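[1] quick one, structure for this:
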Amino acid sequence: MAEHPGETAAEPEAIPGPTLPAQRSAPSEARPPAEAEAPAGADTPAASAAPAEAGTPTGAGARRWSTASLLTLAAAAVMLVGATAWHLGTVFLSIAPSNTLSQSYQSTISAHVNPEFEQNWQLFAPNPLQDNIAIEVRLQTLAADGSRPQSGWINLTARDIAQIRDNPAPSHINQNLLRRAWDYYTSWHNQSDESSLGSGGPLSKEYLKRIALQRLGRDWNGNPIIEVQFRSASTPVGGPAWTGAPQQPQTSYRTPQWWPVADDDYVGLH
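    Model (predicted):
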């Protein structure tokens, strides 16, 4: 009730009640500028952008492949699969029993497999190799006075063995090139250096000759090489004493004829 007639009665003042822990306001922290409230009606990136799926890379860090890159990767994959299939197929046909496919493409298969990927069963054959075979060569040169001096026998196999010994990763060439070339020659020629089996005879001779010329060069002691001659020295492997095998086996030799050397024999040699 008002004390005086002209005064308006004031509303009773509210008495604050006890403040509960949950109702106490936390100390105000300054908001970073990025978290400031946007004006009403303004579009914010978070509001306008659709929520990205979990695990989906977005923004500048996303990896995107161009069409050209995808085509390049696809072509490389096809080539790799094709090359692997070709290699495995030719190697399989080279050791598989003779069939129509291997007979029709024998030259193509041999060109890919020999000599780097050749497979054979000599280690497990009924008659494995039991001889140490060394391939030797000697040269005939043309001196300025018209004479034809000859060199002594040069052991090419010993040179290969020197490159292999104490080498943890010896070259396939040092291990097999010369040996396989001689096997190729002997499979096409008889003891008299004659061949009537086909085109493999001349090819095997040229192959063996070019190997020697590649290793020895064009000259010997300052004179040009005009002829070469090969021979094989076969020494049986001696067995244990209790087998009765000879402890000092005799070495046998096979010596083909002299082969002329021309400039064409050096084409492509390095």
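[2] which residues belonging to the host helix or strand of Thr186 are considered buried?
    Assessed by DSSP states H and E, Thr186 sits inside helix 178-188. Within helix 178-188, the residues that qualify as buried are Leu178, Arg179, Ala181, Trp182, Tyr184, Tyr185, Thr186, Trp188, counting by 16 or more other Cβ atoms under 10 Å. Where you see a C-beta, it was placed from the backbone N, CA and C, and this is true even at glycine.
[3] Leu139 in helix, strand or coil?
    Counting by DSSP: H, G, I helix; E, B strand; the rest coil, the backbone at Leu139 sits in strand.
[4] and Leu129, how many neighbours?
    Using other Cβ atoms under 10 Å, Leu129 is surrounded by 11 other residues.
[5] meant to ask about Gly146, not that
    Neighbours of Gly146 (other Cβ under 10 Å): 6.
[6] just to be sure, it is in a helix?
    No: counting by three-state DSSP, Gly146 is not part of a helix but coil.
[7] and Asp265, what's its pLDDT?
    Listed pLDDT for Asp265 reads 91.
[8] hmm, I was thinking of Phe124
    Model confidence at Phe124, expressed as pLDDT, equals 68.
[9] residues of stretch 214-232 that come out buried?
    Per 16+ other Cβ under 10 Å, stretch 214-232 contains these buried residues: Leu216, Trp220, Asn223, Ile225, Glu227, Val228, Gln229, Phe230, Ser232.
[10] send the alpha carbons of stretch 92-101 over as PDB?
    These are the backbone C-alpha positions of stretch 92-101, laid out as PDB (Å, rounded to 0.1, in the frame of the first residue of the first chain):
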ATOM      1  CA  PHE A  92      57.600 -74.000 -70.600                       C
ATOM      2  CA  LEU A  93      57.400 -74.900 -74.300                       C
ATOM      3  CA  SER A  94      61.200 -75.200 -74.400                       C
ATOM      4  CA  ILE A  95      61.300 -78.000 -71.800                       C
ATOM      5  CA  ALA A  96      57.900 -79.600 -72.500                       C
ATOM      6  CA  PRO A  97      57.500 -82.700 -74.600                       C
ATOM      7  CA  SER A  98      57.500 -81.900 -78.300                       C
ATOM      8  CA  ASN A  99      54.100 -80.800 -79.500                       C
ATOM      9  CA  THR A 100      52.400 -79.000 -82.400                       C
ATOM     10  CA  LEU A 101      52.900 -75.600 -80.800                       C
END
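[11] please shift the residue numbers so they start at 410 in all later answers.
    Let's use 410 as the start, then, which means that last one is stretch 501-510.
[12] buried ones in that stretch?
    For stretch 501-510, burial by neighbour count (16+ other Cβ under 10 Å) applies to Leu502, Ser503.
[13] still on that earlier bit, among the buried residues of stretch 623-641, which are located in strands?
    Counting by DSSP state E, the part of the buried residues of stretch 623-641 found in strands is Trp629, Asn632, Ile634, Glu636, Val637, Gln638, Phe639, Ser641.
[14] and the furthest pair within these?
    For those, the maximum inter-member distance is 26.0 Å, found between Asn632 and Ser641 (Cβ to Cβ).
[15] distance between the ends of stretch 650-658?
    Distances were taken as Cα to Cα, to the nearest Å; on that basis the terminal residues of stretch 650-658 are 13 Å apart.
[16] on that earlier part again, check the offset of the helix holding Thr595 from the chain's centre.
    How far helix 587-597 lies from its chain's middle: 26 Å, per Cα atoms, centre = their mean, to the nearest Å.
[17] identify the residues contacting it?
    523-524, 527, 542, 544, 565-566, 569, 604, 606-607, 609-610, 613-614, 616-617, 620, 639, 641, 663, 665 (Cβ atoms under 8 Å, 6 or more residues apart in numbering).
[18] same thing but at 6 Å, please
    Counting by Cβ atoms under 6 Å, 6 or more residues apart in numbering, the neighbours of helix 587-597 from elsewhere in the structure are Pro524, Ile544, Leu565, Ser604, Leu606, Gly609, Gly610, Ser613, Tyr616, Leu617, Ile620.
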